[in-house]
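**Student:** What shape does this take:
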Amino acid sequence: METNKSENCKRKLNFAGVAIMAGLIVLGIFIAKGLGSIARQDEYITVKGLAERQVMANKVVWPLPYKCVSNNIQELYNEIERNNSIVLDFLKDGGIENSEIIVSAPKVTDRLAQSYIPDNIKFRYQAEAVITVTSSKVEKVIELMKQQMELMKQGVIISEEYNYQTEFEYTALNEIKPAMVEEATRNARAVAQKFAEDSESELGGIKQATQGQFTISSDETTPQIKNIRVVTTVKYSFK
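**Tutor:** Numbering: from 1, shown residues only. Below you'll find the model as predicted:
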């Protein structure tokens, strides 16, 4: 009886050992498959795609500052009114409408009322005035800027002031954003496809995409021409 019991125990132990071994083998297969899947998930490439456009500004802010001096305050204001009338006529004759023109109040300085009075003052009062054009007629304004000599001929000298710089803007960025992002993404895929071919791999789908910031720049010589640029970052998987 004891011999039979011993043989039965041995058989049970052998069976249990075989079962454990089989389980470990199966587990190893699943782990290997899982690791292989993880490895394949980590096979990707990150590339950048560029899109650029050159557009004409669709808005211009053109300040026309000038100065007047006099020893008589009433004569000074009369001079300001005369100059404003000349500038306004010049602008309107050039096709600029009243709604596009702002006439700012002049800034008048009494030089003799200042704490420091230079010895070479010839005129007591100085006025700084500015008329500003804000318009979507960019090309028309550029043409008028070239004709500023006409104002000089009539006695109005437009000052070159750092605080009054002409600004050209492009305000329709949202209208071209989708097409530019599409182009940048297409260019990124072309780069990724070439990399896949060189590495003898097959390019998969997009795992992650990031739209870069749009930048608008221009050259000092042609500030009305705007260069728009965007770079997208795209992560593609490999099959």
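
**Student:** Can you check the pLDDT for the residue nearest the centre of the chain?
**Tutor:** Ranked by distance to the mean C-alpha position of the chain (Cα atoms, centre = their mean), the top residue is residue 215 at 2.7 Å. Note for residue 215: predicted pLDDT of 95.

**Student:** what are the bridge partners for it, then?
**Tutor:** Residue 215 has the following beta-bridge partners by DSSP bridges: residue 229.

**Student:** Now that residue 65 has come up, it's in contact with residue 128, right?
**Tutor:** Yes. Shown here, residue 65 and residue 128 form a contact pair, counting by Cβ atoms under 8 Å, at 6.7 Å. (Glycine included, C-beta is placed from N, CA and C.)

**Student:** Can you list the buried residues in stretch 231-239?
**Tutor:** Residues of stretch 231-239 classed as buried by neighbour count (16 or more other Cβ atoms under 10 Å): 231, 232, 234, 236, 237, 238.

**Student:** whoops, stretch 203-218 was the one
**Tutor:** Counting neighbours by 16+ other Cβ under 10 Å, the buried set in stretch 203-218 is 203, 204, 212, 214, 218.

**Student:** Contact partners for the closest residue to the fourth one other than its chain neighbours?
**Tutor:** Of all residues beyond its chain neighbours, the one nearest residue 214 is residue 230 (4.9 Å), with distances taken as Cβ to Cβ, 6 or more residues apart in numbering. Residues in contact with residue 230 (Cβ atoms under 8 Å, 6 or more residues apart in numbering) are 50, 51, 177, 180, 181, 184, 211, 212, 213, 214, 215.
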